[in-house]
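K.L.:
I'd like to go over a predicted model; first the sequence, then the structure.
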Amino acid sequence: MTRIDGFTYDRLAVGGTEIHVCHAGSGPAILCLHGYPQTHYMWHKIAPLLAADYSVVLADLRGYGDSDKPETDATHSPYSKRAMAADMAELMACLGHQHYGVIGHDRGGRVAHRLARDYREHVAALAVLDIAPTLDMYEATDMRFAMSYYHWFFLTQPAPLPEQLIGANAAFYLDKKLGHWGKTPDAHTPAAVAEYKRCFSQPQTIHATCEDYRAAASIDLEHDRADKNQMLDIPVLALWGEKGFVGKKFDVLAIWRKYAYDVSGHSVSGGHFLPEEAPEETLSALQHFLATALATP
């Protein structure tokens, strides 16, 4: 396992699931959540710099990285964003953080959105990187979306079809995902790619991450529809890659303003993997946002 310098690593039991976590720094707390098909290591370029001013917590979502991969069920509820968010709320409580900001990229952004909805008393600010809300993205499906986001429809197929196909050459599949979504050559360091492949190549990880997407296309949509009209009253920052698909297909700020009163944001250089493709721009935007959003009253 490759570690981020200066971070303390641990495994904490939350809700019957052990979560792999690392943390560093002091000051207001922030939780950073990764996306597919990555791990907490995706923050390695900016997390040490954030830790100069904040108590930074990086976690592998359930089903990913070195966190547990719990058994699923017919409803996919163990991999719902509600279950994943519950993990993170308990994790932060275990670390002594009762109020914190959440930064989520890709799948982590969807967990962060649910965390802000279900645990509003604890979440003081939300930053989402290169996503629009799940429900809106599904409802806007057309050929252009389906061609670019084909994995949303592939990974949701009943087991074991996607698991078997991915598992035949998981390293090749991961390389294609990083290359398809990323627009900046060599943005992913060799150490990062090796770490992603080490974790993703495990059959239980492939299955669990498929379950994440199956949940997103079923039980997550039920949860999203149930509270769609409950506006978030916390600051929200939305960032997206200027060369990526999300900003070209969606009016990102307009969509997030249907969910929260105070939304700001802009594009940054590169494609989907903002913290690795444009670390300086992403860090600057996050620092500016957090300095205000987490300022002590």
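P.N.:
Thanks, I have the structure now. Numbering: from 1, shown residues only.
K.L.:
For R120, see how far away F200 is.
P.N.:
Separation of F200 from R120 (Cβ to Cβ, to the nearest Å) stands at 33 Å. The C-beta positions use only the backbone N, C-alpha and C, and glycine is treated the same way.
K.L.:
In terms of packing, which of those two has more residues around it?
P.N.:
Legend: neighbour count by other Cβ atoms under 10 Å for F200 and R120, higher for F200 (22 against 13).
K.L.:
so what's the more buried one up against?
P.N.:
By Cβ atoms under 8 Å, 6 or more residues apart in numbering, the contact list for F200 reads P37, A170, L174, I206, T209.
K.L.:
who does G265 bridge with?
P.N.:
A238 (DSSP bridges).
K.L.:
Equivalent analysis for A29, please.
P.N.:
Applying DSSP bridges, one finds that A29 bridges with S55, Y100.
K.L.:
Next up, the contacts around it.
P.N.:
Here A29 is in contact with Y54, S55, V56, V57, M92, L95, H97, H99, Y100, G101 (Cβ under 8 Å, 6+ apart).
K.L.:
Would you list the buried entries among these?
P.N.:
Listed as buried from the contacts of A29 are Y54, S55, V56, V57, M92, L95, H97, Y100, G101; burial here means 16 or more other Cβ atoms under 10 Å.
K.L.:
if you skip the residues just before and after it, what's nearest to the last one?
P.N.:
By that I understand G101. A125 (3.9 Å; Cβ to Cβ, 6 or more residues apart in numbering).
K.L.:
any idea where the strands of the stretch 101-250 of the chain begin and end?
P.N.:
Taking DSSP state E, counting those that start in this stretch, the strands of the stretch 101-250 of the chain run over residues 123-129, 232-241.
K.L.:
Next, count neighbours for G6.
P.N.:
12.
K.L.:
would you say it is within a helix?
P.N.:
No - when DSSP: H, G, I helix; E, B strand; the rest coil is applied, G6 is found to be coil, with no helix at that position.
K.L.:
surely it meets C22?
P.N.:
No - judged on Cβ atoms under 8 Å, G6 makes no contact with C22 at a distance of 9.5 Å.
K.L.:
Distance-wise, check Q164 relative to A170.
P.N.:
The span separating Q164 from A170 equals 11 Å under the rule Cβ to Cβ.
K.L.:
Name the spans of the stretch 151-297 of the chain whose pLDDT lies under the cut-off.
P.N.:
By pLDDT under 70, the low-scoring segments of the stretch 151-297 of the chain are 296-297.
K.L.:
at 90 instead, please
P.N.:
Low-confidence segments of the stretch 151-297 of the chain, defined by pLDDT under 90: 295-297.
K.L.:
re earlier: let me know the distance separating the residue nearest to G101 from G182.
P.N.:
Applying Cβ to Cβ to A125 and G182 gives a distance of 27 Å.
K.L.:
that older thread, buried deepest among the strands of the stretch 101-250 of the chain, which one?
P.N.:
Most buried of the strands of the stretch 101-250 of the chain, by mean neighbour count (mean count of other Cβ atoms under 10 Å): strand 123-129, with a mean of 25.
K.L.:
can you list contacts of that one?
P.N.:
99-106, 109, 112-113, 115-116, 232, 234-240, 256, 260, 274-275, 282, 286, 289-290, 293-294.
K.L.:
starting at the chain centroid, how far to it?
P.N.:
Centre-to-centre, strand 123-129 and its host chain are 11 Å apart (Cα atoms, centre = their mean, to the nearest Å).
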